[in-house]
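Visitor: Sequence and predicted model, in that order:
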Amino acid sequence: MDNSVIVSDYTQMDRVLREERQYILDIVKKVKKAGCNVLLIQKSILRDAVSDLALHFLAKMKILVVKDIEREDIEFVCKSVGCKPIASIDHFLPENMGSAELVEEVQTGSSKIVKITGMAIPGKCVTVLMRGSNKLVLEEADRSLHDALCVIRCLVKERSIIAGGGAPEIELSLQLMEYANTLLGTEQYCFRAFAEALEIIPFTLAENAGLNPIATVTELRNRHAEGEKTAGINVRKGAITNILKRMSYSHFLYQLVPFI
């Protein structure tokens, strides 16, 4: 909606200004005619995405303008409200627009955000607003939220959970060791090596919990050898317990990682 030209006298300058006003006004009228009352404008890396004159006309037409939106955010908003990104005014048609019940500017502390609620296609995309005392706290909160969302994504993708606390790794390690004893030559060494490698996971878990990793893994191995297949490392109690009774679960897809 912005442009620049070079003129040599005041007459040409006046004509250019009038043409510019008329050109921008025509664009704003097309936007209004399409039924748009909220205009989201992507951030430009070269110049201002929208001119002051265009903002003036849009305000006169009672069209809310949200400018300097990042490209990634534009994609999220399009998914949420059900609209299509429009690069040309010729494509500014009612069928390319989305809808929402309310678009408002909300004050959060010393800053303001634009809040969109009541989307026509709910559940496609949501926004989580995180606040913290400093950048370090926010980054940690962001990582924690990302981990939680990854867990939910895995549960949606594969609705299967198993015991945590190193129980699956130790049980599988024992089973592989027994199978290795039935083999000869290099195959036996390969299976034994992989079985021993699986013990690294409960070993690390015990070490991070402040326990004696060697003693803990040895005890865990003995408990599984006695038939306690759900015995695992209880980090909170610092002991080996029935991990399922303590509701300590691990997702099935996570356990597949060592085999991929």
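Guide: Looks like it came in fine.
Visitor: Using the three-state scheme, assign residue 131.
Guide: With DSSP: H, G, I helix; E, B strand; the rest coil as the basis, residue 131 sits in coil.
Visitor: again with the one 5 residues further on
Guide: Three states are possible here, and by three-state DSSP the one that applies to residue 136 is helix.
Visitor: Same check on residue 67?
Guide: strand.
Visitor: Now for it, how many residues are close by?
Guide: The number of residues packed near residue 67 is 15, by other C-beta atoms under 10 Å. In short, each C-beta sits where N, CA and C put it, glycine included.
Visitor: Let me know the pLDDT of it.
Guide: We have a pLDDT of 86 for residue 67.
Visitor: how about it, what does it touch?
Guide: Counting by C-beta atoms under 8 Å, 6 or more residues apart in numbering, residue 67 touches 41, 43, 49-50.
Visitor: ok, 7 Å please
Guide: Shown in contact with residue 67 (C-beta atoms under 7 Å, 6 or more residues apart in numbering): 41, 49-50.
Visitor: next one: residue 253
Guide: 154, 157-158.
Visitor: buried residues in the helix or strand hosting residue 54?
Guide: In the assignment (DSSP states H and E), residue 54 maps to helix 52-60. For helix 52-60, a neighbour-count test (16 or more other C-beta atoms under 10 Å) marks 53-55, 57-58 as buried.
Visitor: Dump these into CSV; add distance to residue 133 as well.
Guide: Formatted as CSV, these follow (distance: C-beta to C-beta, whole Å):
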residue, distance to residue 133
53, 41
54, 39
55, 35
57, 42
58, 38
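Visitor: Just give me the closest of those residues to residue 208.
Guide: Each of the buried residues of helix 52-60 was scored against residue 208 by C-beta to C-beta, and residue 55 proved nearest at 55.0 Å.
Visitor: For the closest one, which non-adjacent residue is spatially closest?
Guide: Spatial nearest neighbour of residue 55, chain neighbours left out: residue 65 (6.0 Å); criterion: C-beta to C-beta, 6 or more residues apart in numbering.
Visitor: From residue 108, how far out is the one you found?
Guide: 20 Å (C-beta to C-beta, to the nearest Å).
Visitor: pLDDT averaged over stretch 112-127, what's the number?
Guide: 77.
Visitor: again with stretch 205-216
Guide: On average, the pLDDT along stretch 205-216 is 89.
Visitor: List the contacts of that stretch.
Guide: 166, 203, 217, 233, 235, 238, 240.
Visitor: do that again at 8 Å, thanks
Guide: With contacts defined as C-beta under 8 Å, 6+ apart, stretch 205-216 is touched by 165-166, 202-204, 217, 233, 235, 238, 240.
Visitor: Excluding sequence neighbours, find me the nearest residue to residue 59.
Guide: The shortest distance from residue 59 to any non-neighbouring residue, by C-beta to C-beta, 6+ apart, is to residue 65 (7.7 Å).
Visitor: quick one: contacts for residue 242?
Guide: Residue 242 touches 228, 230-232, counting by C-beta under 8 Å, 6+ apart.
Visitor: can you tell me how far it sits from residue 233?
Guide: Going from residue 242 to residue 233 by C-beta to C-beta gives 12 Å.
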